[in-house]
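> everything below, folded, please.
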Amino acid sequence: MPARKTIFSAQSFYHIYNRGHNKKSIFLHYKDYSRYLKRLEEFLTKHNVTLLAYCLMPNHLHLLLRQNDNESVDKFVHRLHTAYSMYFNKKYERVGSVFQGRFKAKLIDSEEYLLHVSRYIHLNPLEIVHAQGPALNSLLAYPWSSLKEYANPSLPHVSNPEILLSYFASRNKPNTQANYLQFVNDQISITPNRLQEISEGKP
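Residues are numbered from 1 along each chain as shown. Take a look at the predicted model:
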């Protein structure tokens, strides 16, 4: 396996993503999504990593993470995905890889890029929810994304929205939740190609 190009370091942010082997689904039932999130929450308590945002899709997933000390994000994700793969293979009586090789990791090197990646992650379910009603409301109703945690601080949280929401406080608009949702809503009509460019840090 080739060496990873990304170098993980303390106090840095990373966009982590992976998909199913041969583009197959990695979540076949709502219990699979729940199991992944349960494991995610569990490993967050065992590693000094902060989860800023997430989205689980049928055949791929996205995590936005901050590595808080010298213990690599790589170790955290490897343990998480190994545990989930063991569960998935046992449940569905299969063997072999669940994920498409080693997960991808992109260093986020600016505040602007950090905010755009969070929005990209939260816009991921659009293909699934576009026919279910007003787009933003449908995104908020999608159960396997952290967007609902940003909108409603009283909900149980897997992610930590406070870091990103802190960028959206202003004297004229003190409601950071509403400001962030508007930030997401502003790009709901964006083309898929442009959305992918944003996720890659292209201006």
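
> between the two ends of stretch 44-64, how far is it?
In stretch 44-64, first residue to last residue: 13 Å (C-alpha to C-alpha, to the nearest Å).

> could you pull up the mean pLDDT of that stretch?
The average pLDDT within stretch 44-64 is 97.

> going forward, begin numbering at 441 instead of 1
Shifting the count to begin at 441 puts that one at stretch 484-504.

> count the residues that sit near Asn529.
Residues lying near Asn529 (other C-beta atoms under 10 Å) number 14. Quick note: C-beta positions are derived from backbone N, CA and C, even for glycine.

> pLDDT at it, what is it?
Value for Asn529, per-residue pLDDT: 96.

> in what helix or strand does it lie?
Per DSSP states H and E, Asn529 falls inside helix 513-531.

> whichever helix or strand comes after that helix pairs with which strands?
Using DSSP H and E, the helix or strand that directly follows helix 513-531 along the chain is strand 544-548. When pairing is defined by DSSP bridges, strand 544-548 lines up against strand 452-459 (antiparallel).

> now do the helix holding Asn529: distance to the chain's middle.
Averaging C-alpha positions (C-alpha atoms, centre = their mean, to the nearest Å) puts helix 513-531 16 Å from its chain's average.

> in that helix, what counts as buried?
513-514, 516-517, 520-521, 523-525, 527-528 (16 or more other C-beta atoms under 10 Å).

> what about His469, distance to Gln617?
Distance of His469 to Gln617, given as C-beta to C-beta, to the nearest Å: 31 Å.

> in this structure, which spans are helices?
In the chain, the helices defined using DSSP state H lie at 470-484, 513-531, 551-563, 566-569, 575-581, 587-591, 602-605, 616-625, 632-639.

> any chance you could list what contacts stretch 454-466?
Around stretch 454-466, the neighbours that count as contacts under C-beta atoms under 8 Å, 6 or more residues apart in numbering are 446, 448, 472, 498-507, 513, 517, 521, 528, 536-541, 543-548, 557, 561, 639.

> distance between the ends of it?
22 Å.

> what sits against Ile548?
Contacts of Ile548 were listed using C-beta under 8 Å, 6+ apart, and they are 452-455, 504, 554, 557, 641.

> one more: Leu580?
Residues in contact with Leu580 (C-beta under 8 Å, 6+ apart) are 587-588, 591, 621.

> which of those residues tops the neighbour count?
Counting neighbours by other C-beta under 10 Å, Leu587 comes out on top of the contacts of Leu580 with 27 neighbours.

> how close does Lys478 sit to Pro601?
When C-beta to C-beta is the yardstick, Lys478 and Pro601 sit 19 Å from each other.

> so the two - more neighbours on which side?
Counted by other C-beta under 10 Å, Lys478 and Pro601 do not tie: Pro601 has more neighbours, with 22 against 14.
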